[in-house]
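A.B. asks: any chance you could fold what I've pasted below:
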Amino acid sequence: MPKAKDSVPFDTGYKLLFSNPRMVKDLLEGFIKPEWINELDFDTLEPLKASFATDDLRERHDDSIWRVKMGPDWLYLYLLIEFQSSDDYFMACRIMTYVGLLYQDIIRHEPLRKGQKLPPVLPIVLYSGTRDWTGPINMADLVHRPHPGLARFVPELSYCLVEERDIPERFSDAYPDNVLGHVIGLGFSQSTRELHHRVKQLTALLNGPDSRPLQRSVAIWLNRLLRVRFRDEAIPELQNLNEVDAMLAEKLDDWTEQWKREGLEKGIEKGRQEGLQAGRQQEAAAMLLRFLGKRFGTVDEATRQKVEAAPVEQLEAWGDRVLDASSLDDVFLSSGD
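C.D. replies: Sure thing, here's the model as predicted:
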């Protein structure tokens, strides 16, 4: 799900959702789906209040650490929820640090004896951005090896990446009881009517007495989403999904018009920016072709098409080589182009 500046907010309200064991279970069953999922005893799922060495880590991650029995042993789940719009290239290093701190905490507070092994930890990064995730999944891919003999000193630690934008649009149809899937669908709703429909689905799914705490958490999260999406701070603090449903029904027409109006404004601005970019690209391509013609004579059709299709940044790089290149080919090949 996107960050607030992209389209929706996912702050502490979203973390509140993952203070409920059902959300953690839905994450594993619906999105991670490991081959050993049937070996987990979800009745033993419990949050871990770790006392990390630094206040910033403790504040950010306390409520996102869980453990669950896998046979007679504990498996620790480290949930890292990324709200930023772009990925963190060095996430694997952060994960290694956090897992190390978690292990230190376990050693400090668990009755481990010499010779006993530490429990396994599954780090999960739940990414809500709209851009491609480019960071390496394994810490080893971040470390340079100047000599093969150093390979054994390179740390190996991977994390499980869940990119919410890649979740199938009809996920909630395939997994109708997965609350997390419905919540993510809410965040990606493209209209107020779709939003209202998904709220009704969640209301029906969380109508039992055992679901009231989770329903309240969803209502609080959704309340914050609506305040930011529609820039309406007057929206009252809603405590359950029935109240959200009633409010949406009341404001549906007004918010639909606002949604359409903002969509039109964004479309106009996007078109203007794309037009400016296209004009800049055409101007840069024409200038480069003129330089190439003056420096090397007639430019063949294949080169012309290559130049006209290139982005501005590439055209500028080629332009920097024109004066120093000894031939037309050197302009395009000197840096592997």
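A.B. asks: quick one: low-confidence ranges for the chain?
C.D. replies: 1-13, 50-63, 82-86, 167-174, 229, 231-234, 251-280, 334-337 (pLDDT under 70).
A.B. asks: could you list the domains of it?
C.D. replies: Dividing the chain into domains by automatic domain parsing, as the record does, gives the ranges 12-239, 260-333.
A.B. asks: for the helix or strand harbouring R224, packing partners?
C.D. replies: Secondary structure from DSSP states H and E places R224 in helix 212-229. Of the remaining helices and strands, those touching helix 212-229 by 3 or more CB pairs under 8 Å, 6 or more residues apart in numbering; DSSP states H and E are helix 12-17, helix 179-187, helix 192-205, helix 241-296. The way it works is simple: take the backbone N, C-alpha and C, and place the C-beta from them, glycine included.
A.B. asks: please repeat the previous calculation with a cut-off of 10 Å.
C.D. replies: The helices and strands touching helix 212-229, judged by 3 or more CB pairs under 10 Å, 6 or more residues apart in numbering; DSSP states H and E, are helix 12-17, helix 21-27, helix 179-187, helix 192-205, helix 241-296.
A.B. asks: quick check: buried residues in it?
C.D. replies: Judged by neighbour count (16 or more other CB atoms under 10 Å), helix 212-229 contains these buried residues: 214-226, 228-229.
A.B. asks: same check on stretch 175-194?
C.D. replies: Counting neighbours by 16+ other CB under 10 Å, one finds that the buried residues in stretch 175-194 are 175, 178-189, 192.
A.B. asks: what about that stretch, how long is it end to end?
C.D. replies: 18 Å (CA to CA, to the nearest Å).
A.B. asks: next: stretch 295-309.
C.D. replies: Looking at stretch 295-309, the gap from its leading to its trailing residue is 21 Å under the measure CA to CA.
A.B. asks: list the buried residues in that stretch.
C.D. replies: Using 16+ other CB under 10 Å as the test for burial, stretch 295-309 gives F296, V299, T303, K306, V307.
A.B. asks: please apply the same query to stretch 285-296.
C.D. replies: Going through stretch 285-296 with 16+ other CB under 10 Å, the ones that come out buried are A285, L288, L289, F291, L292, F296.
A.B. asks: redo the residues you listed as JSON lines? Include distance to N240.
C.D. replies: As requested, these are arranged in JSON lines below (distance: CB to CB, whole Å):
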{"residue": "A285", "distance to N240": "58"}
{"residue": "L288", "distance to N240": "62"}
{"residue": "L289", "distance to N240": "65"}
{"residue": "F291", "distance to N240": "67"}
{"residue": "L292", "distance to N240": "67"}
{"residue": "F296", "distance to N240": "72"}
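A.B. asks: with the buried residues of stretch 295-309 in mind, which one is nearest to M96?
C.D. replies: Nearest to M96 among these is K306, at 42.9 Å by CB to CB.
A.B. asks: for burial, what's the neighbour tally of the closest residue to the closest one other than its chain neighbours?
C.D. replies: Computed as CB to CB, 6 or more residues apart in numbering, the closest residue to K306 that is not its neighbour in sequence is F332, at 7.4 Å. Applying other CB atoms under 10 Å, we find 20 other residues in the vicinity of F332.
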